[in-house]
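**Student:** any chance you could fold what I've pasted below:
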Amino acid sequence: MSDIEPTKSVPTNNYGDAAPRVFDAISKSIAGLAVVIYVCGYLITSISDSRYGFSVMSPLRPRIVAAGVWYGFFIVAPLLLLQRVSKSSLASGDTWWWKACKVVYFYLFACIPLSWVADWVFQFDTIPSTPTPRWWVVLIWIIGIVAAIIFYALFRDRIPKYLIAIASLLFVSYVFYSGILELLSKGHFIPNALYLWLYAVGALGFLEMSVRSWQLKAGDWAQSFFYFGLTLVVFATTYYPHLKSSVGGGVPVPITIYFSKESATFQNQSVRAFLIDETDSGLYVLLNDDHRATFIPRDSVSLIHFSTDPTGFAHPQTK
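**Tutor:** A predicted model of the protein is given here:
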């Protein structure tokens, strides 16, 4: 008999090796997301500033990150809603047109809570011919929506399919017609413009994911980059300029500039203006009804008063 005892196999612990890999993957994902947000924000702010006739190539601006974050929010949020709604609607064995109607119908109601944040972050144009609805009108409207959702949940098996299809088609047509009419024809930025964005992003997302069979597949990204570029330009030229400055948006801020005696034009005078952007070298402002920015060197300014009540001002509209 041999005196040598057989060696016992010792189980290896892979947790120590997996932790660095997980941490490395998370750190790379965060870094990649930060780069995407920054690049999107830089493009958005540059396109928005170019409407005023200038483009500041200053890479370290907090509004760049804010612009990228808001763009990502208004892209990811509707796509997540669409994915959630489509997952349950497309799994049934109904016909394709009924699946599409259910996706549209549920997506419409899913976008309503998202649109409630619009008044907090966007500055909408005031149309004199359209009075502001009273609080009880808004309350009735909300109660009606909640009642419609409860009614559908209780009696959805008894509601004819064609009624839901017609209701979805009419509502989408109304939103698109009113949003496009006011936004493109009359130049009014109203709440329906946000609905228009949510539905357009949802339609593009549905088309893109349908082509990919609702899976992220490698290759054929040309169409995706086209959608990405299209939405970024639309957001930069139409939606970001109406995003409130308090949340990092592009709405010009009403200010009063007090010039110093070193000023070449307004020695020891004060001028009301709208602040567009600010750098270490000076201010980019709108004076009077001008649609192009004016640069004021910082050495010419002795004091800036930020006012939240631009009385006597008309909100600048770029052409």
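
**Student:** what pLDDT does Ala264 get?
**Tutor:** Ala264 is assigned 69 on the pLDDT scale.

**Student:** next one: Arg212
**Tutor:** So Arg212 comes in at 66 (pLDDT).

**Student:** contacts for the lengthiest strand in the chain next, please.
**Tutor:** Longest strand in the chain, counting residues (DSSP state E): strand 270-278. With C-beta atoms under 8 Å, 6 or more residues apart in numbering as the test, strand 270-278 has contacts from 49, 52, 56, 61, 63, 250, 252-259, 283-287, 293-294, 304, 306, 310, 312-313, 316. No exception for glycine: its C-beta is placed from N, CA and C like everyone else's.

**Student:** and the helix or strand just after that strand, how far out from the chain's middle?
**Tutor:** As assigned by DSSP states H and E, the chain's next helix or strand after strand 270-278 is strand 282-287. Its chain's C-alpha centre and that of strand 282-287 lie 26 Å apart, by C-alpha atoms, centre = their mean, to the nearest Å.

**Student:** what's in contact with whichever helix or strand comes after strand 282-287?
**Tutor:** Of the helices and strands lying after strand 282-287 in sequence (DSSP H and E), the nearest is strand 294-297. Residues outside strand 294-297 that contact it (C-beta under 8 Å, 6+ apart): Phe54, Ile257, Ala273, Ser281, Gly282, Leu283, Tyr284, Val285, Leu286, Leu287.

**Student:** nearest to Phe176, out of these: which one, please.
**Tutor:** Leu286 (32.1 Å; C-beta to C-beta).

**Student:** in this protein, which residue is closest to the centre?
**Tutor:** Centre of the chain computed as the mean C-alpha position; nearest residue by C-alpha atoms, centre = their mean is Phe74, 3.3 Å away.

**Student:** now for this protein: which helix has the highest residue count?
**Tutor:** For the chain, the longest helix by residue count, based on DSSP state H, is helix 15-50.

**Student:** neighbours of Val172, how many?
**Tutor:** 17 (other C-beta atoms under 10 Å).

**Student:** pipe the contacts of strand 294-297 into JSON lines and attach pLDDT per row.
**Tutor:** Conversion of these to JSON lines gives the following (pLDDT from 0 to 100):
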{"residue": "Phe54", "pLDDT": "81"}
{"residue": "Ile257", "pLDDT": "87"}
{"residue": "Ala273", "pLDDT": "88"}
{"residue": "Ser281", "pLDDT": "83"}
{"residue": "Gly282", "pLDDT": "85"}
{"residue": "Leu283", "pLDDT": "87"}
{"residue": "Tyr284", "pLDDT": "89"}
{"residue": "Val285", "pLDDT": "89"}
{"residue": "Leu286", "pLDDT": "88"}
{"residue": "Leu287", "pLDDT": "84"}
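
**Student:** ok, so of those, who is nearest Val211?
**Tutor:** Looking across those and measuring by C-beta to C-beta, the closest to Val211 is Phe54, at 39.9 Å.

**Student:** hmm, Tyr284 and the closest one touching each other?
**Tutor:** Yes: if you go by C-beta atoms under 8 Å, Phe54 and Tyr284 touch, sitting 6.0 Å apart.

**Student:** report the buried residues of the longest helix of the chain.
**Tutor:** Within helix 15-50, the residues that qualify as buried are Ile37, Tyr38, Cys40, Gly41, Tyr42, Leu43, Ile44, Thr45, Ser46, Ile47, Ser48, Asp49, counting by 16 or more other C-beta atoms under 10 Å.
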